[in-house]
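[1] sequence and predicted structure, then a few things I'm wondering about:
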Amino acid sequence: MKTDVLIVGAGPTGLMLANQLVRRGVKVTIVDRNPGPSVQSKALGVQARTLEIYAYLGIAEQAVTLGRRASGASIWIKGRRAARVPLGDIGADMSPYPYLLILGQDENEKLLGEALRAQGVSVLWNTRLVDLVHLPDGVRAKLDQENETTIEITARWVAGCDGAHSTVRSACNIAFTGAPYQHVFYVADTRATGSMAPGELNVYLWQGGFHLFFPMRGNDHWRVVGIVPAAQRSRDQLVFGDIAPFIRTEVNAADNVAGLAFQSCTWFSTYHVHHRRAERFRDRRCFLLGDAAHIHSPVGAQGMNTGLQDAYNLAWKLALVVTGQADEALLDSYETERIPVADRLLRTTDRAFTFLISPHWLARFFRMQVFQKVIAFAMRYARTRMLAFRTISQIGIRYANSPLSRMLAHIPKGAPAAGDRFPWLHLKFSSAGPAEDLFRKLDDTRFTLLLFGQALPGAGLPDGSSRLMSAYSIPDDPTNDRALAAARILKPSFYLLRPDGHIGLAGSALDGTALSSYFNDRVKIRTGSTGRDHWNEMAPNLRQ
């Protein structure tokens with residue numbers, strides 16, 4: 001067997017990568033050691049940036065229908081509600097999905113799996129990677145299946161999306177540096193009644209940790225996540241009944257609240273949390289994504305979403321290379337862009353988690369007496385809410401230092417810059433037409449050139465650019481002027497958006513030579529490439 005890309009691991013990250021590659025014309029094979037999709041889930045939060053990507057796959061509205069929007073967060077201490085942080089549409093005017101969606105990882109996998117099957121690709125379950133051999137122009141992989149059948153598959157590229165215990169990472173001898181936390185987490189799928197504010201994330205803080213109640217679809221359906229009490233961490237075969245009394249004691253600490261009662265628990269699991277990062281995200285023709293590349297505490301609901309963005313970042317670059325349109329040097333930017341994101345995430349989640357569980361008396365005092373008041377006060381202000389949403393939703397991720405980011409003109413503070421995700425705007429694309437959602441106009445399989453205050457030149461664009469990008473000259477119009485002023489976009493200006501929506505090149509008056517240079521020198525586009533026939537040129541080497 002041979003394939004363009006072998007994807008090892010069919011969790012959210014692997015399924016996202018497969019979907020993005022297939023819709024760009026890349027042949028993929030996706031395998032997973034498990035017997036089928038997940039039926040249980042530790043990840044729960046779906047961020048706005050993930051939903052924006054889902055929209056291009058046609059599954060965003062399904063996700064919203066299946067999930068629950070978090071309208072707020074209630075913080076409880078010793079059984080009393082100490083503060084409420086309103087969430088609702090906290091990111092209004094910043095994203096089409098201005099909220100945190102609560103939807104289990106299993107449901108996300110189901111949606112992504114259905115989207116992949118609709119494109120004619122199915123996961124090979126019960127298929128385990130056992131060996132990798134690097135070849136000059138590819139990788140030979142040995143796979144064992146449940147019926148003791150061994151498959152050898154030759155791939156041009158391999159993507160390790162196989163989790164914290166990644167076989168791909170081990171086969172490439174990539175170090176996974178970091179350490180585990182001493183604490184043990186639990187997750188339980190329950191039916192429960194009590195003081196919980198309906199439709200909200202309920203945070204119950206106690207001296208040694210927290211219990212989080214996530215509202216799920218259905219009446220009295222709560223996914224409960226928290227830290228196992230120290231006295232029970234060493235117990236074997238811990239069951240929900242062992243810690244339920246402790247949860248009730250903490251939640252029911254005040255006499256004037258409705259007593260917490262669990263009617264049922266359909267699933268319970270405990271797990272250790274690590275904070276680790278792979279030393280590098282690539283070894284020759286193998287890449288690491290998601291938990292195979294970085295793992296951290298679940299604070300902030302960032303893990304699954306970060307893996308999905310890893311896949312979205314790599315997919316468009318890998319597709320250009322596989323289809324022969326770009327040189328392999330383009331793929332170096334995956335690691336350059338995503339390692340800093342992982343490092344920032346590890347730092348921030350580690351600090352937040354350490355604060356939440358620190359036994360030091362000062363940290364405990366601040367956590368139990370001050371923290372909730374500070375948060376509630378700060379979130380009254382629009383600027384604080386905006387900064388919080390940009391950070392947590394992941395729309396604020398920037399690749400300013402990437403080789404794919406270049407500014408040709410000075411811009412005012414706060415204006416979109418190279419490396420930023422281009423802002424969500426409603427613009428009139430013709431003077432007589434209505435204002436339209438820019439994100440719905442974008443084709444995320446191509447680059448997009450947006451021109452403001454200038455016309456699209458009849459000549460002077462790079463040869464072959466029409467197959468790489470769409471171009472729009474946004475007309476002068478009061479509606480557009482208001483939108484551009486709010487985003488601090490000057491006229492004249494132009495922005496070249498990468499397929500993933502981040503700004504690659506920006507300047508004032510469009511310079512065709514600079515555009516050609518960007519495509520050739522930065523993106524490494526192969527001038528005059530014929531595309532897919534590159535596979536046939538290198539296939540003999542793969543069959544060695």
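    Perfect, I can see it now.

[2] all helices for the stretch 101-250 of the chain, in order.
    Per DSSP state H, counting those that start in this stretch, the stretch 101-250 of the chain carries helices over the ranges 105-118, 167-171, 240-251.

[3] nearest to E279, out of the ones you listed?
    helix 167-171 (9.4 Å; C-beta to C-beta). All C-beta atoms are positioned from the backbone trio N, CA, C, and that covers glycine.

[4] mind giving me the packing neighbours of that closest one?
    Helix 167-171 makes packing contacts with strand 127-135, strand 150-160, strand 286-288 when contacts are defined by 3 or more C-beta pairs under 8 Å, 6 or more residues apart in numbering; DSSP states H and E.

[5] just to revisit the earlier point, tell me which of the helices of the stretch 101-250 of the chain sits nearest to G79.
    Short answer: helix 240-251, nearest of the helices of the stretch 101-250 of the chain by C-beta to C-beta, at 6.4 Å.

[6] report the buried residues of the closest one.
    The neighbour-count check on helix 240-251 (16 or more other C-beta atoms under 10 Å) flags 240, 242-244, 246-248, 250-251 as buried.

[7] which pair of those residues spans the longest distance?
    Farthest pair in the buried residues of helix 240-251, by C-beta to C-beta: D242 and V251, 16.3 Å.

[8] thinking again about what came up before, mind putting the helices and strands packed on helix 167-171 in TSV, mean neighbour count included?
    Output for those, formatted as TSV (neighbours: other C-beta atoms under 10 Å):
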stretch	mean neighbour count
strand 127-135	17
strand 150-160	22
strand 286-288	28
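
[9] confidence-wise, which of the helices of the stretch 101-250 of the chain is weakest overall?
    Among these, helix 240-251 carries the lowest mean pLDDT, at a mean of 87.

[10] tell me the helix or strand right after that helix.
    Beyond helix 240-251 on the C-terminal side, the first helix or strand identified by DSSP states H and E is strand 261-278.

[11] adding distance to F268, write the buried residues of helix 240-251 out as a markdown table.
    As requested, the buried residues of helix 240-251 are arranged in a markdown table below (distance: C-beta to C-beta, whole Å):
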| residue | distance to F268 |
| --- | --- |
| F240 | 4 |
| D242 | 9 |
| I243 | 9 |
| A244 | 9 |
| F246 | 14 |
| I247 | 12 |
| R248 | 15 |
| E250 | 17 |
| V251 | 17 |
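
[12] returning to that earlier point: out of the helices of the stretch 101-250 of the chain, flag the one nearest G138.
    For the helices of the stretch 101-250 of the chain, the distance to G138 is smallest for helix 167-171, at 14.4 Å, taking C-beta to C-beta.

[13] can you pull the contacts of T193?
    220, 258, 260-261, 263 (C-beta atoms under 8 Å, 6 or more residues apart in numbering).

[14] if I look at it, how far off is S466?
    Remark: distance between T193 and S466 (C-beta to C-beta, to the nearest Å) = 61 Å.

[15] try L449
    Distance from L449 to S466, by C-beta to C-beta: 11 Å.

[16] compare neighbour counts for the two and give me the winner.
    Neighbour totals were compared for L449 and S466, and L449 leads with 22 against 11 (other C-beta atoms under 10 Å).

[17] and the pLDDT at the more buried one?
    pLDDT at L449 comes out at 95.

[18] partners of it in the sheet?
    Per DSSP bridges, the residues bridged to L449 are A471, L496.

[19] please, where are all the helices along the stretch 401-544 of the chain?
    Counting by DSSP H, counting those that start in this stretch, the helices of the stretch 401-544 of the chain are 438-441, 478-487, 512-517, 534-542.

[20] mind giving me the packing neighbours of the third one?
    If I follow you right, that is helix 512-517. strand 503-507.

[21] pairing partners for the strand it packs on, with directions?
    strand 406-407 (parallel), strand 493-497 (antiparallel).

[22] pull the distance from that strand to the chain's centre.
    How far strand 503-507 lies from its chain's middle: 23 Å, per C-alpha atoms, centre = their mean, to the nearest Å.

[23] stretch 159-176 too?
    For stretch 159-176, the distance to the chain centre is 19 Å (C-alpha atoms, centre = their mean).

[24] which residues touch that stretch?
    With C-beta under 8 Å, 6+ apart, stretch 159-176 has contacts from 5-11, 13-14, 17, 32-33, 128-132, 158, 274, 276-280, 283-284, 286-293, 295, 307, 311, 314.

[25] end to end, how far does that stretch reach?
    This stretch, stretch 159-176, spans 17 Å end to end (C-alpha to C-alpha, to the nearest Å).

[26] what stretches of the stretch 201-350 of the chain score poorly on pLDDT?
    253-258, 299-300 (pLDDT under 70).

[27] quick one, phi/psi of L318?
    With angles defined as degrees, to the nearest 10, L318 sits at phi -60, psi -40.

[28] so can I have TSV of the helices and strands packed on helix 167-171 showing distance to R488?
    Below are these laid out as TSV (distance: least, C-beta to C-beta, whole Å):
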stretch	distance to R488
strand 127-135	48
strand 150-160	38
strand 286-288	36
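
[29] quick one: closest of those strands to Q62.
    So among the helices and strands packed on helix 167-171, strand 150-160 is nearest, using C-beta to C-beta, at 25.0 Å.

[30] L345 contacts G307, correct?
    No: counting by C-beta atoms under 8 Å, L345 stays clear of G307, with 10.9 Å between them.

[31] compare these two (neighbour count), which wins?
    Neighbours around L345 and G307, counted as other C-beta under 10 Å, are more numerous at G307. The numbers are 28 against 22.

[32] got the angle between the strand or helix carrying the more buried one and helix 105-118?
    Under the criterion of DSSP H and E, G307 resides in helix 303-322. Interaxial angle of helix 303-322 relative to helix 105-118 (axes from the mean of the first three to the mean of the last three C-alpha atoms, to 10 degrees): 20 degrees.

[33] and helix 303-322, what other elements does it pack with?
    Looks like helix 303-322 contacts strand 2-8, helix 12-22, strand 45-46, helix 48-57, strand 150-160, helix 332-357 (3+ C-beta pairs under 8 Å, 6+ apart).

[34] what's the most buried one of the ones you listed?
    helix 12-22 (a mean of 28; mean count of other C-beta atoms under 10 Å).

[35] could you find the closest non-adjacent residue to G160?
    V168 (2.8 Å; C-beta to C-beta, 6 or more residues apart in numbering).

[36] same thing with G45?
    Nearest non-adjacent residue to G45 (C-beta to C-beta, 6+ apart): A301, at 2.6 Å.

[37] what helix or strand is the one you found on?
    Using DSSP H and E, A301 falls outside every helix and strand.

[38] hang on, W76 packs against A82?
    Yes: checked against C-beta under 8 Å, the pair W76 and A82 is within contact range at 6.5 Å.

[39] which of those two has more neighbours?
    Using other C-beta under 10 Å, the more surrounded residue of W76 and A82 is W76, with 26 against 18.

[40] which strand residues bridge the residue nearest to E152 when sequence neighbours are not counted?
    Computed as C-beta to C-beta, 6+ apart, the closest residue to E152 that is not its neighbour in sequence is K142, at 5.7 Å. For K142, the beta-bridge partners are D131, E152 (DSSP bridges).

[41] neighbours of K142, how many?
    14.

[42] run through the residues that contact it.
    129-132, 150-152.

[43] now do it against T167, distance only.
    Taking C-beta to C-beta, one finds K142 at 11 Å from T167.

[44] ditto for R398
    Distance from R398 to T167, by C-beta to C-beta: 32 Å.

[45] A506 too?
    41 Å.

[46] A83 now?
    Applying C-beta to C-beta to A83 and T167 gives a distance of 45 Å.
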